[in-house]
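[1] Pasting a predicted model and its sequence here:
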Amino acid sequence: MGPRHLLDRVVRRRAKLVPEERLRFETLLSELSAGLIHLAAADVDAAIERGFQQVVTFLGVDQGQLDEYAGSERSFASSGRVRISEDMPRLMDDEQFPWAAETLRRGQVVRFFRIDELPAAALDRANLRRAGTRSKICLPLRASGPMLGVLSLGAVRSERAWSDDLVERLRLLSAAFSNALERKRMELSLAERLRFERLLSSLSTAFSHLSAADFDREVQRGLRQVVDFFGVDRGSLIEFSRDGTTARSWAIEEWMDVGKFPWMTARLRSGDVVRFARLEELPDEAAVDRRSYLSNRVKPQVAVPLLVSGIVVGGLVFGTVGAERARSDELIEQLHLLGEVFANALSRKQGELEAQRLRQDLTHIGRVSALGELTASLAHELNQPLTAILSNAQVAECLLAAPAPNLEEVREILRDIVTDDRRATEVIRRLRALVKKGGLEFVLLDLNELVREVARLMQSDAIGRGISLGLELAADLPTVRGDRVQLQQVVLNLVLNGLDAMHESGAGQRTLIIRTARDVADAVAVSVQDAGTGIDEKNVDQLFHPLFTTKTEGLGMGLAIARTIVDAHGGRLSAANNVTAGATFQFSLPVSREGAS
């Protein structure tokens, strides 16, 4: 066989192999595309890696790499990478390959048989030679939205041509990979959105009925949930006082001292969002903040103001946020939604504390008002021991003036003076306790002793009205937890109410009885039974309403205040007419666990 025949045979064999090779590659592409269609998001990366490995092996290239990008069109952060060989340069690096990166962003293919083919790209050429690359092809991965990544193939051992036919087949491959990445991204985005909605719902539910007493604990728990959701290191909630002069903060990792970040705090008070990726971005007036960030080792930060009806009540602050995420509008939108939940919780807490302060002021006014009705009785209560002290002192003075004073009688007189002084002191102590203004002090209380103290205070007033005050106190009564002064005020109001009712009734039985008893297994009760006019049935529903009164000179606040106090102690106040005459007012309180028997 001559040379001519041998050459013809090689050409015919090559012509036969090309269609076979194309068919094998198209079959591979078809199988890869079909395999990527119905994959779950969690399986996409592994499937792309296997498929890309097959393609690189089939084509017999030296290098292969697929980068998935997350970020904006001008700022790419690699979120995933498939490498078939190490040390393959990334042409999306603006600093090393500016021409190639811009070409890929425009959606165009970058390919060259020799490095010298690159037009006006001296920096790109120099860095490619340094990397040992001789031939390369890169295709942008893009579906319906922004660029998803870059598929790259390269040769380092010898130069390689990338035919138009191969480029078209690689476009099909990149389309299959792009669609899979797009579906994965959409599925993950949907899952992320559902996670966020569940977080938002969970926090809204937890904060909807949050009391001021539980606020600190629940806010810490809520902040932890948000920090874990966003995958950041630090988070704080700032609360601004209503006058804007002070601020308080709750923090995860205990890093936010509001006073150390005056610039950021001022921006939040103005209703501005604060976000930066690097400390160098902070303006000159934020010098104090910059030093604080450095000392606390806080990296990029995002802070949003919390507004209620246009008023800034606080701020949400998160530190060590990823630089790209710190710029994300989606993150700011999510923080604003979460901020509404925290803002409403802060507003409700502030409202509850303000209402509590007003209730305390009102109960204090009620106590002062009630004691005003006892002026004559209290004067008599104090006058007795003071008169006795004066008389005893005068007698002692006479005894000491005698030629031979009886020292034993003088000692007896001095003991009487001490006793009367203690009696007067006790009256004043009880008065000061009732009149004092301050926060609630919940302690273990013996209701029998509490009732006795009120009875001693009321004894003279009852006698002055011609009424007998009787006590029927249960033995072995378990203790309750409450504020002594406020519960004394309840008993005082009920006793005064009963005395007034009996005064209006005129003649008849003139005894008012105060009882204590076990109400049910887990509660104790205090009742005040009078023999007065009773309760008019038409007034039953309004009896405990503020400003309702049947007295000519009454304010209508005594029973309303009493119910408010009992409710705050977890108890119940009620009233009913007696079988014979008069009415009985009773309040019950839960037994303290420490005092339960």
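    Right, received. Where do you want to start?
[2] low-scoring stretches of the stretch 251-400 of the chain, by residue?
    Scanning the stretch 251-400 of the chain for pLDDT under 70 picks out 253-256, 298-300, 320-328, 353-385, 387-388, 391.
[3] what about the strands in the stretch 351-500 of the chain?
    442-445, 468-472, 480-483 (DSSP state E, counting those that start in this stretch).
[4] and the first one, C-alpha only, in PDB?
    So that's strand 442-445. Listed next in PDB are the C-alpha coordinates belonging to strand 442-445 (Å, rounded to 0.1, in the frame of the first residue of the first chain):
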ATOM      1  CA  PHE A 442     -42.900  41.400  97.400                       C
ATOM      2  CA  VAL A 443     -42.100  39.500 100.500                       C
ATOM      3  CA  LEU A 444     -43.600  36.600 102.500                       C
ATOM      4  CA  LEU A 445     -46.500  37.900 104.700                       C
END
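[5] Which neighbours in the sheet does that strand have, and how are they oriented?
    With DSSP bridges as the test, strand 442-445 is paired with strand 480-483 (antiparallel).
[6] just to revisit the earlier point, which of the strands of the stretch 351-500 of the chain is buried the deepest?
    Greatest average neighbour count among those goes to strand 480-483 (a mean of 22), per mean count of other Cβ atoms under 10 Å. In short, each C-beta sits where N, CA and C put it, glycine included.
[7] Next, report how far it is displaced from the centre of its chain.
    Remark: strand 480-483 is offset 29 Å from the chain centroid, using Cα atoms, centre = their mean, to the nearest Å.
[8] Show residues contacting that strand.
    Here strand 480-483 makes contact (Cβ atoms under 8 Å, 6 or more residues apart in numbering) with 440-445, 447, 524, 569, 589-592, 594-595.
[9] Please pick the buried ones from the residues you listed.
    For the contacts of strand 480-483, a burial check counting by 16 or more other Cβ atoms under 10 Å picks out Leu445, Leu447, Val524, His569, Leu589, Pro590, Val591, Ser592.
[10] Out of the residues you listed, the closest to Leu496 would be?
    Taking Cβ to Cβ as the measure, Leu496 lies nearest Leu447 of those, at 18.5 Å.
[11] Quick check: the closest one touching Val526?
    Yes. Leu447 lies in contact with Val526 (Cβ atoms under 8 Å); the separation is 6.0 Å.
[12] follow-up on the earlier one: in the contacts of strand 480-483, which has the lowest confidence score?
    When these are sorted by pLDDT, the bottom entry is Gly595 at 53.
[13] Next up, identify which helix or strand the residue nearest to the spatial centre of the chain is on.
    For the chain, Val219 is the residue whose C-alpha lies nearest the centre (Cα atoms, centre = their mean; 2.7 Å). Per DSSP states H and E: Val219 is located in helix 215-230.
[14] what's the helix or strand for Leu307?
    strand 301-308.
[15] Sorry, slip of the keys, the one I care about is Leu66.
    Residue-wise, Leu66 maps onto strand 63-71 under DSSP H and E.
[16] what's the offset of that strand from the middle of its chain?
    40 Å.
[17] Can you tell me the strand partners of that strand and which way each runs?
    Partners of strand 63-71 in the sheet, by DSSP bridges, are strand 76-83 (antiparallel), strand 147-155 (antiparallel).
[18] the helices in the stretch 151-300 of the chain, which residues?
    All helices of the stretch 151-300 of the chain, identified by DSSP state H, counting those that start in this stretch, fall at 164-208, 215-230, 262-269, 287-296.
[19] Turn these into CSV, columns for distance to Phe113.
    Below are the helices of the stretch 151-300 of the chain laid out as CSV (distance: least, Cβ to Cβ, whole Å):
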stretch, distance to Phe113
helix 164-208, 12
helix 215-230, 47
helix 262-269, 55
helix 287-296, 51
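[20] Please identify the most buried of those.
    Compared across those, helix 262-269 shows the largest average neighbour count, a mean of 19 (mean count of other Cβ under 10 Å).
[21] What are the contacting residues of that one?
    With Cβ under 8 Å, 6+ apart as the criterion, helix 262-269 contacts 238, 240, 244, 247, 258, 274, 282-283, 285-286, 288-289, 301, 303-305, 312, 314-315, 317.
[22] from those, which ones fall inside strands?
    Ile238, Phe240, Ala247, Val274, Gln301, Ala303, Val304, Pro305, Val312, Gly314, Gly315, Val317 (DSSP state E).
[23] In the stretch 1-150 of the chain, where is pLDDT below threshold?
    Those would be 1-18, 70-87, if you go by pLDDT under 70 across the stretch 1-150 of the chain.
[24] at 90 instead, please
    For the stretch 1-150 of the chain, applying pLDDT under 90 flags the ranges 1-98, 101-102, 104-107, 114-134, 142-149.
[25] Kindly report the same for the stretch 401-550 of the chain.
    Counting by pLDDT under 90, the ranges of the stretch 401-550 of the chain that qualify are 401-443, 445, 450, 452-469, 475-476, 481-511, 518-523, 531-550.
[26] Tell me how far stretch 493-504 lies from the chain's centre.
    Distance, centroid of stretch 493-504 to centroid of chain: 47 Å (Cα atoms, centre = their mean).
[27] who's in contact with that stretch?
    Residues from elsewhere that reach stretch 493-504 (Cβ under 8 Å, 6+ apart): 366, 370, 373-374, 454-455, 458, 461-462, 465, 467, 469, 510, 512, 514, 528-534, 551, 558-559, 561-562, 582-583, 585, 587.
[28] just checking, what packs against the one helix or strand Ala46 maps to?
    Ala46 is located in helix 41-59, with elements delineated by DSSP H and E. With contacts taken as 3 or more Cβ pairs under 8 Å, 6 or more residues apart in numbering; DSSP states H and E, helix 41-59 sits against helix 3-37, strand 63-71, strand 76-83, strand 147-155, helix 164-208.
[29] in it, what's buried?
    By 16+ other Cβ under 10 Å, the buried positions in helix 41-59 come out as Ala41, Val44, Asp45, Ala47, Ile48, Glu49, Gly51, Phe52, Val55, Val56.
[30] Likewise for stretch 460-467?
    Neighbour counts over stretch 460-467 (16+ other Cβ under 10 Å) mark Ser460, Asp461, Ala462, Ile467 as buried.
[31] can you redo those as TSV with distance to Ile115?
    TSV is the format used below for the buried residues of stretch 460-467 (distance: Cβ to Cβ, whole Å):
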residue	distance to Ile115
Ser460	110
Asp461	108
Ala462	110
Ile467	113
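[32] taking those residues one by one, which sit in helices?
    Ser460, Asp461, Ala462 (DSSP state H).
[33] and the residues you listed as TSV, adding distance to Ser178?
    TSV is the format used below for those (distance: Cβ to Cβ, whole Å):
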residue	distance to Ser178
Ser460	94
Asp461	91
Ala462	92
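[34] List just the nearest of those residues to Arg171.
    Comparing these against Arg171 with Cβ to Cβ picks out Asp461 as the nearest, at 100.6 Å.
[35] so how far is Arg169 from the closest one?
    Applying Cβ to Cβ, to the nearest Å, the value for Asp461 to Arg169 is 105 Å.
[36] now the strand holding Leu66 against helix 41-59, angle please.
    150 degrees (axes from the mean of the first three to the mean of the last three Cα atoms, to 10 degrees).
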